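In: Take this sequence and fold it.
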Amino acid sequence: MVRRPSLTLVGMSTPSEFFSAIGGGDVASGLLNRFLIVKTKIGVQMSQDNCVSSISEQLAVWAKEHAHAVDGTLDTGSTHDVPPNPIEVPFTPEANALLRSYEERLVAAIRNETGTGLEAMYNRSREISMRLALIVARSMRQEQISGDAMQWSIDYVEHYATQTITMFRSNMADGPFDACCKAVFAKIEAAGARGITEREIGRGVAAFANMDRRKRDDVLEILQIDSDIERRTEKTTGRDRVAWFIPTTG
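Out: Numbering: from 1, shown residues only. Model (predicted):
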């Protein structure tokens, strides 16, 4: 038995595998809001040649100091079943004021998302930012969590929480039909004012292409009701072009 364990989980996945494995129940259960989810924009990269890089003297000193448990909070004779002595790292008044302001924005965001099923994703953002601020502050050798460390952490968590909500709204689905609806909507949205034909949608969404006529009509009908898509018929020199689009407002 490990006394007072501190467990950190890091997972990596491709977006398609990730979204196929989760659903609304994972959000409502409080599982996913315990994680800080980051989607990289780097994309596929070429492999890199191995090279030797130099590190700063500051990093070298830090690594040597923390390579030995006796330099931390554990005594020389400590073992896994002996709990470490906790050290309090308090928040400065400036950090607390920033946290209060952030909490107000979170409450507003939760109210705005109420009914969408995604409001639970904000429930632990404040707690995550506090934990991250502790890491940042100690990496800066601060004895207290400063306003700078707190602001950096809030900015980081807020950015990726917003990104995650946007991704979930567009990609997370409960069942194959819901997934198809969201994939079709994404294609229509990406087409812009010109719109996209049903044939073009089928080329980009395999699940839609494999549906029979009735199920295709169901998808488009639901999107008309829930997402306000519209159909437009354009005269051409040949067959009329029937396109689906999202009307602009204003």
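In: dump the residue contacts of the residue sitting nearest the centre point of the chain.
Out: Taking Cα atoms, centre = their mean, the centroid of the chain lies closest to residue 164, which sits 2.7 Å from it. Contacts for residue 164 (Cβ atoms under 8 Å, 6 or more residues apart in numbering) come out as 37, 39, 121. In this view, the C-beta of every residue, glycine as well, is placed from N, C-alpha and C.
In: Any chance of a PyMOL selection covering the buried ones in those residues?
Out: Selection command for PyMOL covering only the buried members of these, criterion 16 or more other Cβ atoms under 10 Å:
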select buried, resi 37+121
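In: Mind checking the pLDDT average for the host helix or strand of residue 59?
Out: Per DSSP states H and E, residue 59 falls inside helix 57-65. Here helix 57-65 scores 86 as its mean pLDDT.
In: Stretch 179-192 too?
Out: 87.
In: Could you report the neighbour count for residue 46?
Out: 5 (other Cβ atoms under 10 Å).
In: right, I mislabeled it, should have said residue 101
Out: Other residues close to residue 101 by other Cβ under 10 Å number 11.
In: just residue 238 next, same as before
Out: 6.
In: Provide the secondary structure category for it.
Out: coil (DSSP: H, G, I helix; E, B strand; the rest coil).
In: The residue nearest to the centre of the chain - that's part of a helix, no?
Out: Yes: per three-state DSSP, residue 164 lies within a helix segment.
In: can I get the CA coordinates of the helix holding residue 59 in PDB?
Out: What follows is helix 57-65, C-alpha atoms only, in PDB (Å, rounded to 0.1, in the frame of the first residue of the first chain):
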ATOM      1  CA  GLU A  57      22.700  25.300 -16.400                       C
ATOM      2  CA  GLN A  58      19.500  26.100 -14.500                       C
ATOM      3  CA  LEU A  59      17.800  22.900 -15.800                       C
ATOM      4  CA  ALA A  60      20.900  20.800 -15.000                       C
ATOM      5  CA  VAL A  61      21.000  22.100 -11.400                       C
ATOM      6  CA  TRP A  62      17.300  21.500 -10.900                       C
ATOM      7  CA  ALA A  63      17.500  18.000 -12.300                       C
ATOM      8  CA  LYS A  64      20.400  17.000 -10.000                       C
ATOM      9  CA  GLU A  65      18.700  18.500  -7.000                       C
END
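In: just the contacts of residue 164 now: which is nearest residue 211?
Out: Taking Cβ to Cβ as the measure, residue 211 lies nearest residue 39 of the contacts of residue 164, at 28.6 Å.
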